[in-house]
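Visitor: have a look at this fold, sequence not included:
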């Protein structure tokens, strides 16, 4: 994976389960309201970040390819 990704968390959907932090502790943190946010919205593509998005119980994490906006997660139907 040589791409760079843009990560967004829909805070209106996030329930603070911390699955993202468990899967990618270097990429996500929970704030004082237990809402997730990416530490760096633009980051190198990586399996841990993808696993964080895939394991979010409410699919609050959206990953796109930086520059093109091509969806990484959730995948296009």
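Guide: Noted; the coordinates are in hand. Just so it is clear, the model here is predicted, and its values are computed rather than measured.

Visitor: rest of the way, CA atoms for contacts and neighbours
Guide: Fine.

Visitor: list of residues touching the one helix or strand residue 54 maps to?
Guide: Under the criterion of DSSP states H and E, residue 54 resides in helix 47-55. With Cα atoms under 8 Å, 6 or more residues apart in numbering as the test, helix 47-55 has contacts from 19-24, 27, 59-63, 73-74.

Visitor: looking at those residues, spot the one nearest residue 7.
Guide: residue 63 (4.7 Å; Cα to Cα).

Visitor: just how off-centre is the helix or strand following the helix holding residue 54 within its chain?
Guide: Heading C-terminal from helix 47-55, the first helix or strand you meet, by DSSP H and E, is strand 61-65. Chain-centre distance of strand 61-65: 6 Å, with Cα atoms, centre = their mean, to the nearest Å.

Visitor: give the pairing partners of strand 61-65; include direction for each.
Guide: Using DSSP bridges, strand 61-65 pairs in its sheet with strand 4-9 (antiparallel), strand 71-73 (antiparallel).

Visitor: and the contacts of it?
Guide: 3-10, 50, 53, 70-74.

Visitor: max pairwise distance over those: which two?
Guide: Farthest apart among these - using Cα to Cα - are 3 and 10, which lie 22.3 Å from each other.

Visitor: quick revisit: by neighbours, which of the contacts of helix 47-55 wins?
Guide: The most neighbours of any of the contacts of helix 47-55, using other Cα atoms under 10 Å, belong to residue 20, which has 29 neighbours.

Visitor: ok so, going back, report the buried members of the contacts of strand 61-65.
Guide: Using 16 or more other Cα atoms under 10 Å as the burial test, the contacts of strand 61-65 include 5-9, 50, 53, 72-73 as buried.

Visitor: what about stretch 5-19, start to end distance?
Guide: End-to-end distance of stretch 5-19: 19 Å, with Cα to Cα, to the nearest Å as the criterion.

Visitor: avg pLDDT for stretch 64-77?
Guide: When pLDDT is averaged over stretch 64-77, the result is 92.
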